[in-house]
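# 3D, please:
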Amino acid sequence: MPKLKVNDIEVVVEDGLTVLQACEKAGAEIPRFCYHEKLSIAGNCRMCLVEMEKSPKPIASCAMPAAEGMNIKTNTPFVEKARKGVMEFLLANHPLDCPVCDQGGECDLQDQSMFYGVDKSRFKENKRAVPEKHMGPLIKTQMTRCIHCTRCVRFATEVAGVSELGAIGRGEDMQITTYLEQSMQSELSANVIDLCPVGALTSKPYVFEARPWELKKTETVDVMDAVGSNVRVDTYDWEVKRILPIINEDINEEWISDKTRYACDGLLNQRLDKPFIKYNGKFEEASWSEVFKIIKSKFENSSNDKVCGFVGDLTNMETGYIFKEFFDRTLNNNNYDSRSDNRFLDNSERENYIFNSSINGIEDADLIFLIGANPRYEATILNARIRKAFVNNNTKVISLNDVGDLTYPYKNLDGQTQTIKKIFEGSEEISKEIIGASSPMIIIGESLLKLNSAEHLFHLIKNFLKKNNKFTEDWNPLNILSCDAATVGNLDLGILNNEKNLLEELKSNKFEIVFLVGQDNLKFNKKNEFVIYQGSHGDKGAEIADIILPGSAYTEQNGYFTNLEGKIQKAYKASYPPGEAKEDWQIINELAEVMNNRKLFNDIEELKSSMFNYLKLQQKKTNI
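Numbers count the residues shown, from 1 in each chain. This is a model prediction of the structure:
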């Protein structure tokens, strides 16, 4: 490990680190535009110049490897003059449109020109102008502002794995563009907005909406998939304006999918803000007391075993738990489930339904076998991690089906269940590869779990891995790729009915009352069922409902979510539900009070305490 001096402070750094990283370790701040920890080194902007002993010229610290005995100075007049010169060049062509630029207030160029900019320019030539590019509905371009740091190009090529951006032309005529005049195709494309250090690439839906200092910032988690990406929700006057990523190296690093970033646009549309009752096929507004009275009379005039309930994909754990308690304690039945299809789930052990190798563990795998899974579509951030493993370690990826472009090469098989059977009976070449791998990963998607033979195949895979000693203290190769944010949390809480097939009974119209909490994916022909729908948006569940109870969206209530690898994370309230809508747990609690003259829980703290006690009891049974 090389030892060097930075501003007369001795530092020891790991092999392979750059001078810039060594300076940061010594507490010296180095300005930069092109350097980024997650991208390859380009050395374009020259802003990170430092002085090195015995070097006649300043050196670019981002591109220079740290070596034994170096003596670096970061704050001398020589360095300051060099950086001021670089800044003058960068501003030579940069337009003076800060007042109308969306990057204002969080712009690296603005911040650094405060320190290294000069009050007048020596350039008398006309500033260059670059025509705007079309990069799709998410990314607004103003390429005249571009300083050619190439962060966006490196991100698209290296992380997203879609070579759509590049530089054409040379010198004054150089410009960053899509190679063909088309929008960016990657589902990670909008991350270039965060990466751009100037206002060349900004968010098109957010254009001219607000300044960063006007926004209230709430750190929370995403619910658009089961990965549980860490995000920051920015609100202006209780309206969600944008969602940005938060760095979490174990889960999403510092990227989020476009769906995560822009799904918040739907929070204002088609909202349920009042209770509704259906009369003669039309919804009419009602009060909370009115709808609760009707629900109470319906429950009283129906036997408890004729009531069933289903929890949806985006519900938090508190809502799922109080819903279960409502059925167990108020209705005295267990006709509840969180599945909207007949997929196989064995919740006797927790390892049967979580991503055991962990998202971080993908980088340690030496063989990845995808069975019935399309990670690029189902878990974008997880797919980016698989690509990272391939790029850095040349990890071999095999897929049972041809699922299209996953942004990395993979071997695809014929997609037959017979092939899975042969592989995990040990009679195929791939069987030997799995046995020979030190850290194999078997990723099972929900498509496999929907097959009639899912139970047999699941246990066949698990037994094969056990027989060949692939389960160790440090490594569990069995991984279930859940698609929805609430899936693992609902299974941890036991919102699952293994005794009877509720979906088949629902399709046979055996129930009189159906209670849906955020569940919009059920497919059944409604006859005489009385459907109660609780949710935030007027979706498919609301269309078939007889009574609608307006709930909160994920940004409007505190709640816990368990991601696909089994990590419990808290989502924080960033804004308020509209109109008369209430938080989901509160609605069920008040309904229980109307029916039994006492609430299930006095407050949210008591509910959380009861829920975590339940999880601890389950821990003993299922190794949570």
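
# Could you report the pLDDT at the residue nearest in space to the middle of the chain?
Nearest to the mean C-alpha position of the chain, by C-alpha atoms, centre = their mean, lies Ser229 at 3.4 Å. Per-residue pLDDT puts Ser229 at 92.

# hang on, isn't it packed against Thr220?
No - assessed by C-beta atoms under 8 Å, Ser229 is found out of contact with Thr220, at 10.1 Å. In this view, the C-beta of every residue, glycine as well, is placed from N, C-alpha and C.

# What is the burial count for the nearest residue in space to the residue nearest to the centre of the chain that is not next to it in sequence?
Nearest non-adjacent residue to Ser229, counting by C-beta to C-beta, 6 or more residues apart in numbering: Asn252, 3.8 Å away. Neighbour count of Asn252, defined by other C-beta atoms under 10 Å: 26.

# Roughly how far does Asn252 sit from Cys146?
Asn252 sits at a distance of 27 Å from Cys146 (criterion: C-beta to C-beta, to the nearest Å).

# for the stretch 451-600 of the chain, what spans make up the strands?
Counting by DSSP state E, counting those that start in this stretch, one finds strands in the stretch 451-600 of the chain at the ranges 478-481, 513-517, 530-535, 547-550, 559-562, 568-571.

# so which of those strands comes closest to Gly579?
Nearest to Gly579 among these is strand 547-550 (6.9 Å), distances taken as C-beta to C-beta.

# and the closest one, what does it pack onto?
The contact analysis (3 or more C-beta pairs under 8 Å, 6 or more residues apart in numbering; DSSP states H and E) places strand 547-550 against strand 276-279, helix 288-300, strand 530-535.

# Just the C-alphas of stretch 405-424, formatted as CSV.
In CSV, the C-alpha atoms belonging to stretch 405-424 read as follows (Å, rounded to 0.1, in the frame of the first residue of the first chain):
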residue,chain,number,x,y,z
ASP,A,405,-31.7,-7.9,-24.5
LEU,A,406,-30.7,-8.0,-20.9
THR,A,407,-27.7,-5.6,-21.6
TYR,A,408,-25.2,-8.4,-21.1
PRO,A,409,-24.6,-11.6,-23.1
TYR,A,410,-26.2,-14.8,-21.8
LYS,A,411,-26.7,-18.3,-22.9
ASN,A,412,-30.3,-19.1,-23.5
LEU,A,413,-31.9,-22.6,-23.4
ASP,A,414,-35.1,-23.9,-24.9
GLY,A,415,-37.5,-22.7,-22.2
GLN,A,416,-38.9,-26.2,-21.5
THR,A,417,-39.8,-27.4,-18.0
GLN,A,418,-38.3,-30.7,-19.1
THR,A,419,-34.9,-29.0,-19.4
ILE,A,420,-35.1,-27.7,-15.8
LYS,A,421,-35.9,-31.3,-14.7
LYS,A,422,-32.9,-32.7,-16.5
ILE,A,423,-30.5,-30.0,-15.3
PHE,A,424,-31.5,-30.4,-11.6
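
# Now it: buried residues?
By 16 or more other C-beta atoms under 10 Å, the buried positions in stretch 405-424 come out as 406-408, 410, 413, 417, 420-421, 423-424.

# Show me the shaky parts of the chain.
621-624 (pLDDT under 70).

# count of residues packed around the closest residue to Cys149 other than its chain neighbours?
Spatial nearest neighbour of Cys149, excluding adjacent residues (C-beta to C-beta, 6+ apart): Cys34 at 4.0 Å. Using other C-beta under 10 Å, Cys34 has 23 neighbouring residues.

# Could you verify my assumption that Cys34 touches Val153?
No - look at Cys34 against Val153 with C-beta under 8 Å: they stay out of range, at 10.5 Å.

# about what we covered before: which of the helices and strands packed on strand 547-550 sits most buried?
Highest mean neighbour count among those (mean count of other C-beta atoms under 10 Å): strand 530-535, with a mean of 25.

# In its sheet, which strands sit next to that strand, and in what direction?
Applying DSSP bridges to the sheet, strand 530-535 is found paired with strand 513-517 (parallel), strand 547-550 (parallel).

# Out of these, which is closest to Phe89?
Among the strands paired with strand 530-535, strand 547-550 comes nearest to Phe89, with 56.9 Å by C-beta to C-beta.

# how close does the residue nearest to Cys149 get to Ser189?
The gap separating Cys34 from Ser189 is 20 Å, by C-beta to C-beta.

# try Lys217
Taken as C-beta to C-beta, the span from Lys217 to Ser189 is 23 Å.

# Gln619 too?
41 Å.
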